[in-house]
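J.: quick check, what structure comes out for this input:
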Amino acid sequence: MAATLPPPRLLPSGDSAITVEFSRNIDDAANRRVLALDRELAAEPIAGITETVPTYRSLLVHYDPVQIDFDKLGERLLTLAQRPVPASTKTRRWRIPVVYGGEHGIDLEDVAKTLNTTPDEIVARHVAGDYRVAMIGFTPGWSYLSGLADSLHMPRRQNPRLLTPAGTISIGGVQTGVQCLAGPSGWHLLGQTAVRTYQLHRDPTFLLEPGDNVTFAPVDAKTFAEQDRAAEAGEFIAEQIAS
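T.: Next up is the predicted model:
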């Protein structure tokens with residue numbers, strides 16, 4: 001897989017960070033290389049690196065320039081980045097319950113009309129997907145998932161909303177996602193989950209990690225309300241299942 005991609009670019013990001021860029025587009029193969037490099041650095045730490053931040057197509061590496069300079073770190077990163085991506089990596093798999101449509105997914109009807117189908121078919125397509133957490137960002141716990149079916153690809157909204165509910169399950173472009181906290185969004189809202197992918201005083205604070213696999217399971221509004229109360233008390237709600 002790595003041989004089909006161009007060598008990564010090293011981009012200085014200020015005076016104490018390097019961006020290792022594998023692609024200029026949202027690319028699942030490039031994302032696998034990003035996560036593979038992140039795992040390599042966790043397994044073989046380089047003195048001077050203070051933090052790594054994986055994204056869809058690049059890895060941001062923060063470092064202490066007193067301990068290691070740009071050129072030496074860049075050389076080490078390129079060496080690690082050229083290693084073949086493992087054919088298989090042990091990952092976690094989660095099943096996340098979602099209540100679709102109505103007040104919980106206010107764009108479901110419009111999405112169905114735009115795609116010339118029914119709301120039930122949109123739900124069926126979304127539930128049938130096998131997704132992977134490509135990155136986490138924007139707001140705490142916001143999980144960007146790759147693997148959205150081509151039949152659900154839609155441009156983002158022309159007029160983003162300034163506030164959308166916590167737990168929103170949405171689609172935008174070629175992605176779907178789990179929005180943990182209430183906040184702005186230009187994506188189409190299909191449903192809502194009680195799962196807190198981020199909860200400050202829970203252990204672990206972040207439930208999902210880049211590389212995790214995710215599937216969705218429909219629930220009714222009554223079940224959602226019950227799960228929401230349990231999640232508020234600290235329960236995971238999401239079910240970890242065998243890969």
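J.: domain ranges for this structure?
T.: 9-82, 93-241 (the TED database).
J.: which element, helix or strand, includes A124?
T.: helix 119-128 (DSSP states H and E).
J.: pLDDT of the longest helix seen in the chain, averaged?
T.: Ranked by residue count and defined by DSSP state H, the top helix of the chain is helix 28-43. In this model, helix 28-43 carries a mean pLDDT of 93.
J.: ok so, going back, how distant is the helix or strand just after the helix holding A124 from the center of its chain?
T.: Moving toward the C-terminus from helix 119-128, the next helix or strand (DSSP H and E) is strand 131-136. The chain centroid and the centroid of strand 131-136 are separated by 3 Å, computed with Cα atoms, centre = their mean, to the nearest Å.
J.: report the beta-bridge partner residues of L11.
T.: As for beta bridges, L11 partners with T19 under DSSP bridges.
J.: ok, it to A134 distance?
T.: To A134, L11 is 20 Å away according to Cβ to Cβ, to the nearest Å. All C-beta spots, glycine's among them, are computed from the backbone N, C-alpha and C.
J.: who's more crowded, the two?
T.: More neighbours surround A134 than the other of L11 and A134, with 27 against 13 (other Cβ atoms under 10 Å).
J.: residue contacts, that one?
T.: Residues near A134 by Cβ atoms under 8 Å, 6 or more residues apart in numbering: 28, 31, 56, 144-146, 175, 210.
J.: related to what we said a few turns ago, what residues does the helix holding A124 touch?
T.: 98, 100-101, 108-109, 111-112, 115, 149, 151-152, 169, 171, 176, 190-191, 215-218.
J.: that helix - what's its average pLDDT?
T.: Averaging pLDDT along helix 119-128 yields 98.
J.: list the buried residues of that helix.
T.: Buried residues in helix 119-128, counted by 16 or more other Cβ atoms under 10 Å: 119, 122-123, 125-126.
J.: need the strands for the chain, in chain order.
T.: Secondary structure of the chain (DSSP state E): strands at 9-12, 17-21, 49-54, 58-63, 93-100, 131-136, 143-146, 161-164, 168-172, 175-178, 183-185, 188-192, 213-218, 239-241.
J.: want to throw the ones you listed into JSON lines with mean pLDDT and distance to D69?
T.: Shown next, in JSON lines, are the strands of the chain (pLDDT from 0 to 100; distance: least, Cβ to Cβ, whole Å):
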{"stretch": "strand 9-12", "mean pLDDT": "96", "distance to D69": "11"}
{"stretch": "strand 17-21", "mean pLDDT": "97", "distance to D69": "11"}
{"stretch": "strand 49-54", "mean pLDDT": "96", "distance to D69": "13"}
{"stretch": "strand 58-63", "mean pLDDT": "97", "distance to D69": "9"}
{"stretch": "strand 93-100", "mean pLDDT": "98", "distance to D69": "40"}
{"stretch": "strand 131-136", "mean pLDDT": "95", "distance to D69": "28"}
{"stretch": "strand 143-146", "mean pLDDT": "96", "distance to D69": "33"}
{"stretch": "strand 161-164", "mean pLDDT": "96", "distance to D69": "43"}
{"stretch": "strand 168-172", "mean pLDDT": "98", "distance to D69": "39"}
{"stretch": "strand 175-178", "mean pLDDT": "97", "distance to D69": "37"}
{"stretch": "strand 183-185", "mean pLDDT": "96", "distance to D69": "38"}
{"stretch": "strand 188-192", "mean pLDDT": "98", "distance to D69": "46"}
{"stretch": "strand 213-218", "mean pLDDT": "98", "distance to D69": "38"}
{"stretch": "strand 239-241", "mean pLDDT": "93", "distance to D69": "42"}
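J.: nothing else from me, thank you.
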